[in-house]
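> take this sequence and fold it.
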Amino acid sequence: QVHLVESGGGLVQPGESLRLSCAASGHDAYFSSYVMSWHRQTPGKERELVAEIITAGGTTNYGDSVKGRFSISRDNDKNMVYLQMNSLKPEDTAVYYCKADGSAWYGPDAKYWGQGTQVTVAS
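Okay, here's the model as predicted:
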């Protein structure tokens with residue numbers, strides 16, 4: 001079981017930056033084997049992938065709407081994942097969720113979500 005806690009959300013103005021953090025616990029020694037990702041969701045819409053990172057310094061993928069503005073990173077020594085969000089737009093407003101996916105190693109049930117953190121971009 002992996003427990004995820006997001007932090008860093010808040011209210012910012014368009015064009016500003018914000019950094020989200022996700023602290024993972026529960027399977028600490030194997031954290032590096034999890035694919036970590038950030039997703040976001042607004043009312044009435046499906047949750048969408050924002051960014052994912054396979055391993056520290058490894059492959060990253062981004063949703064089209066955030067490419068060039070957002071950056072995902074991880075610190076396997078601290079069991080942390082970060083999402084640096086720059087040049088924020090009102091359409092980035094959403095609840096942001098951290099996800100840990102260990103299904104490749106630990107089976108299909110090894111997928112965990114945090115409780116989410118609200119990001120609001122408004123002037």
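> point out where the protein drops to low pLDDT.
56-57 (pLDDT under 70).
> sec struct for the residue positioned nearest the centre of the chain, please.
Nearest to the geometric centre of the chain sits residue 38, at 2.4 Å (CA atoms, centre = their mean). Here residue 38 is strand, with the state taken from DSSP: H, G, I helix; E, B strand; the rest coil.
> ok, the one 5 residues further on next?
State at residue 43, reduced to three classes by three-state DSSP: coil.
> how near is it to residue 99?
20 Å (CB to CB, to the nearest Å). All C-beta atoms are positioned from the backbone trio N, CA, C, and that covers glycine.
> what do you get for residue 90?
24 Å.
> of the two, which one has the most company?
More crowded of residue 90 and residue 99, by other CB atoms under 10 Å: residue 99, with 21 against 11.
> which residues touch that one?
Counting by CB atoms under 8 Å, 6 or more residues apart in numbering, residue 99 touches 4, 36-39, 111-114.
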